[in-house]
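Enquirer: Predicted coordinates and the sequence they were generated for:
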Amino acid sequence: MHIFLDTANLEEIRKHATSGLIDGVTTNPSLIAKQGADLKSVIQEITSLVDGPISAEVLATDYDGMLKEGLEYAKWHENICVKLPCTDDGLRACKTLADQDIKVNMTLVFSINQALLCAKAGAFLVSPFVGRLDDIGQSGMDLIADIVQVYDNYGFDTMILVASIRHPEHVKMAALYGADIATIPTKVFEKLSKHPLTDIGLEKFLADAKKKQ
Ligand code: E4P
C-alpha cells in the first residue's frame with residue numbers, strides 16, 4: 001500500500017520525505033489556507049520534496065472553471081494530480097482531463113455509486129473520506145471494502161486512496177482491505193512505527209548488553 005502525507009505543511013513534509021516511506025502528498029483548500037501561503041508556491045515546493053503524485057484541489061465548482069484551473073495546475077509539474085469534487089460538473093471535468101492524460105483525484109466521495117462514476121470518468125485516484133463518514137455514525141471502512149470489491153468486479157484502474165484518516169486503525173484496515181493508498185495526517189503517520197513492546201524490548205536489550213561488558 002502506498003503512503004501519502006495528508007498535509008500542506010512544508011516542515012512536516014521535509015521532515016518525512018527523506019524516510020523513503022512517503023509516496024505522495026494530498027492537500028485540500030483547508031490545509032493550504034492553514035499555511036497562509038498561495039496554492040501554487042506551496043504545491044511547487046512540495047513537488048521538489050516528494051517524487052510522487054501531489055494533489056492540488058480546484059476552487060471552481062462549474063465545469064469550465066474546473067477545467068481552466070485543472071489545465072493550469074497540470075502545467076506546474078508532471079506529478080500534479082488535479083483534485084476535483086465528486087459532483088456532476090466534477091465528473092465531467094474529470095473525463096475531459098483524463099482524456100488529455102491529466103491525472104485526476106476525485107475527492108469528497110462518500111458512496112459506492114460515486115466511486116463507480118469516478119472510475120468510469122477515468123479518475124487516477126478516488127478519495128473516499130472515511131473519518132467524515134465515521135463522524136456521522138456510518139462506517140468509513142465498510143465503504144472502502146465495498147469500493148475494493150466493485151473495482152475488482154470490473155477491473156477498474158482507478159486507485160483507491162483512503163482519505164480523512166483519523167487514527168492508525170484506519171491505516172491498518174485500509175491495508176487489510178487492499179486499498180491502494182492511505183493519505184495520512186502527519187500526527188497519525190508518526191504513530192505508525194510505535195509499539196510499547198518495541199520500546200520495552202529495546203530498553204532491555206541495551207541494559208543486558210551493558211551488563212555483559
Ligand atoms: C485528503 O485528500 C482529504 O482532503 C483529507 O483527508 C480530508 O480530511 P479531513 O476529513 O480530516 O478534513
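Expert: That came in fine, so what should we check first? Numbering: from 1, shown residues only.
Enquirer: Need the CA coordinates for the longest helix seen in the chain. PDB is fine.
Expert: Ranked by residue count under DSSP state H, the longest helix found in the chain is helix 196-212. Only the C-alpha atoms of helix 196-212 are listed here, as PDB (Å, rounded to 0.1, in the frame of the first residue of the first chain):
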ATOM      1  CA  PRO A 196       5.200  -0.100  23.600                       C
ATOM      2  CA  LEU A 197       6.800  -3.500  23.400                       C
ATOM      3  CA  THR A 198       9.300  -2.200  20.900                       C
ATOM      4  CA  ASP A 199      10.400   0.400  23.400                       C
ATOM      5  CA  ILE A 200      10.500  -2.000  26.400                       C
ATOM      6  CA  GLY A 201      12.300  -4.600  24.300                       C
ATOM      7  CA  LEU A 202      14.900  -2.200  23.200                       C
ATOM      8  CA  GLU A 203      15.500  -0.900  26.700                       C
ATOM      9  CA  LYS A 204      16.000  -4.400  27.900                       C
ATOM     10  CA  PHE A 205      18.400  -5.400  25.100                       C
ATOM     11  CA  LEU A 206      20.500  -2.300  25.800                       C
ATOM     12  CA  ALA A 207      20.500  -2.900  29.500                       C
ATOM     13  CA  ASP A 208      21.500  -6.500  29.000                       C
ATOM     14  CA  ALA A 209      24.300  -5.500  26.600                       C
ATOM     15  CA  LYS A 210      25.700  -3.200  29.200                       C
ATOM     16  CA  LYS A 211      25.700  -5.900  31.900                       C
ATOM     17  CA  LYS A 212      27.900  -8.100  29.700                       C
END
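Enquirer: and this protein, which residues reach the ligand?
Expert: Counting by Cβ under 6 Å from any ligand atom, the residues of the chain lying close to the ligand are 6, 26, 28, 107, 127, 129, 131, 132, 163, 164, 183. (Glycine included, C-beta is placed from N, CA and C.)
Enquirer: contacting residues around the closest residue to residue 40 other than its chain neighbours?
Expert: Spatial nearest neighbour of residue 40, excluding adjacent residues (Cβ to Cβ, 6 or more residues apart in numbering): residue 76 at 6.6 Å. Under the criterion of Cβ atoms under 8 Å, 6 or more residues apart in numbering, the neighbours of residue 76 are 40, 43, 44, 47, 56.
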